[in-house]
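Colleague: Starting from these lines, generate the structure:
(chains A and B)
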Amino acid sequence: MADERGRRPTGSGQPAAIALRGVRKHFGAVQAVRDIDLDVAPGEIVAFLGPNGAGKTSTIDIILGLSQPSGGSVEVFGMQPRQAIARGLVSAVMQTGGLLRDLTVRETAEYTASLFVQATPVDEALTRAGITAIADRRVGKCSGGEQQRLRFAMALLSDPELLILDEPTTGMDVEGRRSFWGSIRHDAARGRTVLFATHYLEEADAYADRIILLRHGQIVADGTSGEVKAMAAGRTVRATMASPDQARLSAIPGADSVEVRGDTLLIHSSDSDAVARYLLTNTPARDLEINTRGLEDAFIALTSDDSDTPAGGSR
Amino acid sequence: MTAQSLPAPAELTREAPGLGGFNLTVLKLEVRRLLRNRRTVIFSVLAPSVLFLAFGLNKAYASQSAGLGSHGNVSAFIMISMALYGAVLATTSGGAMVSIERAAGWSRQLRLTPLSPTAYITIKILTAMILGAASVIVVYAVGRLTGKPSMPGYLWIVTALCVWVGSLVFAAFGLFMGYLLPTENVMQILGFGLMLLSFAGGLFIPLSQFPHILQDLAQWTPLYGLNQLVHAPLLGVGVHMAWVLNAVAWLLIFAGGAVWRFRKDTARV
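Modeller: The predicted structure follows:
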């Protein structure tokens, strides 16, 4: 069990775990993925964070070879996705489905294990996923959380170099979610590359080394949790001012956006000090308040529909 | 997508399985699943035997020859018909399981494993044929136990094999329907359809008792050729080219349809 393979990036000739170049995917007129470039190094734990329809699942399907991109190239460990899967290098925990109700938990794992050249012993995978106690239960009789753990066990069977999880905790209660992530984190400590999609901010924040924020099928932010927060961070300066001139206020150095509500003025800025100084010295603004945006706001700021970009497709 | 492959480090040089991932563990589990499905077992294995007991044991049938120049009695003739009916139901059910697997997302899940589509289809066909064999064996065993069907020993084996091999046409039919019909209740529709085809093929009532126009139409239906072929050894009649053509043509239609839907399916997901 204590298999410390130390697969952190070596910087040598090792191919990227995932390499996407100009990947696009459209379903009819709907652009689900627009020109995504992405490199994930071996050993990274990456979160795809974004609202529904941001293109998370579409991108994951392309990485897994479940769907063909409309354009661009995909490589997983320097191979075509299908080749990497056939070698047991990649596995995935999908959101729903993918189980046969009439097999037992153990049979499902045996079935899956038999397909790989090298497979982790079934009992070991069941133990790591925490479902040894229900091994003989029919899948149809398992709860949603138990089924999700079974999917996780199945994904562990090939001892993959890359594990992909598509919103793995959807529909789980708080306790189930916490214990599921506990298992994943415990497993990832062994050096596996992990990519997971989520729309829960806390999950991305708590479990990923790197957060990739998707919106309308594009990467809008990519960095550590701290970096992503900083990108969208900044503060809101609120002031009272008679008949504010929005155009002129937008020109204030450091003002990212200006909102006028009657006599009330809201200026979002990454340099609130500069904005406040300007307002107090060059305008009749009064009653200044400065507020910090939370993580939640950062997420909304980066992913909300504040532009005329057409909605991305969700699938 | 480009297909450039960089030199992979040692831990990435794993192998893909041979035979596209086909193995006996999977086959064993698939057969177990099929046997676990009570409805499938009742309809395709037990029902044909019950039908034989109901219609094949008429006192007159045991003493009546199945036809001029025939090697056995009417009871044996009916036993073969019922074995064919059972085998066809069994192989269709086996093939149609892909419908349930697609609905459950299992086919998609399997695409995250080394199992190749061809290996998957092979497993489905073999599973269907194993259930088909079970159905034939049970009908013949019941026939043997009643002591009524009479034909030379070698004909028990020859006719049983003909029925079993012939039911391959319907494994293809089941696959085709399994890919075509996206419903979990696919067998309820197919069960009824197969009943109609069995009447049209002459499995339940001799076609000679139908009006002429129906007889002419019946000759084009998928069970007609098979039904004639599997009874030919018992009746001691020559094989008509039309029967072979009927069976082969339907096999090609069903297999072609299955391949077409299957390709569409793998491209779509």
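Colleague: and the residue of the stretch 51-200 of chain A nearest chain B?
Modeller: A:Gly97 (2.7 Å; CB to the nearest CB). All C-beta spots, glycine's among them, are computed from the backbone N, C-alpha and C.
Colleague: My guess is that residue contacts B:Ser107. True?
Modeller: No - using CB atoms under 8 Å, A:Gly97 makes no contact with B:Ser107, being 9.9 Å away.
Colleague: just the residues of the stretch 151-300 of chain A that are near chain B, which are they?
Modeller: Contact residues (CB under 8 Å from any CB of the partner chain) of the stretch 151-300 of chain A with chain B: A:154, A:158, A:161.
Colleague: before we move on, the earlier item: show me which of A:Gly97 and B:Ser107 is the more surrounded one.
Modeller: Neighbour tally, A:Gly97 and B:Ser107, criterion other CB atoms under 10 Å in any protein chain shown: the higher count belongs to B:Ser107, 23 against 14.
Colleague: hang on, the earlier thing: of the residues of the stretch 151-300 of chain A next to chain B, which is the nearest to B:Gly20?
Modeller: A:Ser158 (15.7 Å; CB to CB).
Colleague: Around residue 28, how many other residues sit close by?
Modeller: Unless you meant another one, I'm taking chain A. A:Gly28: 6 neighbours (other CB under 10 Å).
Colleague: oops, I was thinking of chain B
Modeller: 15.
Colleague: Now do it against B:Leu126, distance only.
Modeller: 11 Å (CB to CB, to the nearest Å).
Colleague: next SSE after the helix or strand harbouring B:Val98?
Modeller: For B:Val98, the host element (DSSP states H and E) is helix B:74-103. Of the helices and strands lying after helix B:74-103 in sequence (DSSP H and E), the nearest is helix B:106-110.
Colleague: Averaged pLDDT, that next one. What do you get?
Modeller: For helix B:106-110, the mean per-residue pLDDT is 91.
Colleague: ok, longest helix in chain A?
Modeller: Ranked by residue count under DSSP state H, the longest helix found in chain A is helix A:174-188.
Colleague: and that helix, C-alpha only, in CSV?
Modeller: C-alpha atoms of helix A:174-188 as CSV (Å, rounded to 0.1, in the frame of the first residue of the first chain):
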residue,chain,number,x,y,z
VAL,A,174,-22.1,17.8,3.3
GLU,A,175,-20.8,14.9,5.3
GLY,A,176,-20.6,12.6,2.3
ARG,A,177,-18.8,15.3,0.3
ARG,A,178,-16.2,15.8,3.0
SER,A,179,-15.5,12.2,3.4
PHE,A,180,-15.3,11.6,-0.3
TRP,A,181,-12.8,14.4,-0.7
GLY,A,182,-10.9,13.0,2.2
SER,A,183,-10.4,9.8,0.2
ILE,A,184,-9.4,11.7,-2.9
ARG,A,185,-6.9,13.8,-1.1
HIS,A,186,-5.5,10.8,0.7
ASP,A,187,-5.1,9.1,-2.7
ALA,A,188,-3.6,12.2,-4.4
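Colleague: Quick one: distance of it to the chain centre.
Modeller: With CA atoms, centre = their mean, to the nearest Å as the basis, helix A:174-188 stands 16 Å off its chain's centre.
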